[in-house]
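*Asks:* coordinates for the following, if possible.
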Amino acid sequence: MNVVAMVKMTLAMAIFGSIGFFTVNTGIPAEELVFVRCICATLILGGMWLFSGNYKKEQWSRIEVVRTIICGVFLVLNWVFLFKAFDEMSISVAISIYNLAPIFVMILGSFILKEKMTVTAVISVIVCFLGSVLIIGLEQFSSLSALFNSGFVWAMLSAICYALTMFVGKGITHLSAYALTFVQTIVGIVMLFPLMNFGVFHGLTGWNWFYIIGTGIIHTGFVYYLFFDSLRHLPTIVVSALVFVDPVVAILLDILILDFRPTIIQALGIVLIFGGIIYTLVKPSKQITE
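*Replies:* Numbers count the residues shown, from 1 in each chain. The predicted structure follows:
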């Protein structure tokens, strides 16, 4: 086990876990914040990619570039929807729903790739669905307006877009992680520029700018550097386990700093969601017979 790589990955996930806290203190809408994030990622990661000389080793192909662009669209939408969810609901609830992405990947594989659902997969989907209902509250499902105002739809769309990013990205095998992210963030800049209202940046406080720049430089540039630099040195199962550092930190910050106090039902919902996801990772699969 590469201890340095593990420390880097853990640090990356821990820092990323604070992104919700930063987001709610920026004072700007989700679209503008993601635009800043894309610019920072393009400059920082693109600079590292060029400075290292790795761009000379890239194996470009039309199909992989197309896949990368599609991934970029889903990645940017994922960020925008997640930040919108932070504006409407507690960070803990939004992050819990957001982390349903691996479950959606399984469902997509079943419907699109005709992969057989396993007993483990079916149990996980049911458990995570129940957890989602409990964490939002049954009263939020009483009407469409209540559901939209709760932020549930934004969080769910964010999880779906993240799942689509992972699903489409599975077919990209030759481009490096730096090339992949560089192209995706360029896509984000092109997508969001026509929607920008630069007036939202006027009248911001020094602390607003601290959180905005922090989200761009720290949570995108620095965190992605740590993530990519350690990813290739760690086995998949270790990466899958360390990913859970992110939501744990997010929930702890929400409780300790933003005074989020989950009800017993919400706490049960959080446990069910992460229990279902962890069950998927560690439980041997038994395929359902046709």
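*Asks:* hey, let's count contacts and neighbours off CA atoms from now on
*Replies:* Fine.
*Asks:* shaky segments in the stretch 1-150 of the chain?
*Replies:* Per-residue confidence for the stretch 1-150 of the chain (pLDDT under 70) gives these ranges: 1, 113-115, 117, 137-148.
*Asks:* need the strands for it, in chain order.
*Replies:* In the stretch 1-150 of the chain, no strands are found when defined by DSSP state E, counting those that start in this stretch.
*Asks:* wait, a strand at P194?
*Replies:* No - per DSSP: H, G, I helix; E, B strand; the rest coil, P194 lies outside any strand segment and is helix.
*Asks:* what's the local residue count around it?
*Replies:* The number of residues packed around P194, counting by other CA atoms under 10 Å, is 8.
*Asks:* before we move on, what about W209?
*Replies:* Taking other CA under 10 Å as the criterion, the count of residues near W209 is 16.
*Asks:* can you classify it by secondary structure?
*Replies:* The three-state label given to W209 by three-state DSSP is helix.
*Asks:* residues contacting the nearest residue to it once chain neighbours are set aside?
*Replies:* In this structure, W209 finds its nearest non-sequential neighbour in T26, 6.8 Å apart by CA to CA, 6 or more residues apart in numbering. Counting by CA atoms under 8 Å, 6 or more residues apart in numbering, T26 touches 33, 207-212.
*Asks:* any idea how far I251 is from T26?
*Replies:* Relative to I251, T26 is positioned 19 Å away (CA to CA, to the nearest Å).
*Asks:* M9 too?
*Replies:* Here M9 is placed at a distance of 19 Å from I251 (CA to CA).
*Asks:* same question for F201.
*Replies:* F201 sits at a distance of 29 Å from I251 (criterion: CA to CA).
*Asks:* same thing with V122?
*Replies:* As it turns out, when the distance is counted by CA to CA, V122 lies 27 Å from I251.
*Asks:* helices along the stretch 101-250 of the chain, start to end?
*Replies:* In the stretch 101-250 of the chain, the segments counted as helices under DSSP state H, counting those that start in this stretch are 101-112, 119-136, 144-149, 152-169, 177-192, 206-216, 223-231, 236-242, 245-256.
*Asks:* what's next to the last one, contact-wise?
*Replies:* Meaning helix 245-256. Residues outside helix 245-256 that contact it (CA under 8 Å, 6+ apart) are 10, 13-21, 90-92, 95-96, 99, 260-261.
*Asks:* narrow those to those in helices?
*Replies:* If you go by DSSP state H, those have 10, 13-16, 19-21, 91-92, 95-96 in helices.
*Asks:* which residues does I15 contact?
*Replies:* Residues in contact with I15 (CA under 8 Å, 6+ apart) are 218-219, 223, 246.
*Asks:* same check, this time on V127
*Replies:* V127 makes contact with 272-273, 276, according to CA under 8 Å, 6+ apart.
*Asks:* one more: V243?
*Replies:* Taking CA under 8 Å, 6+ apart, we find V243 in contact with 10, 13.
*Asks:* distance between the ends of stretch 85-92?
*Replies:* Stretch 85-92 stretches 11 Å from its first residue to its last (CA to CA).
*Asks:* quick one: that stretch to chain centroid distance?
*Replies:* Averaging C-alpha positions (CA atoms, centre = their mean, to the nearest Å) puts stretch 85-92 14 Å from its chain's average.
*Asks:* many thanks, we can stop here.
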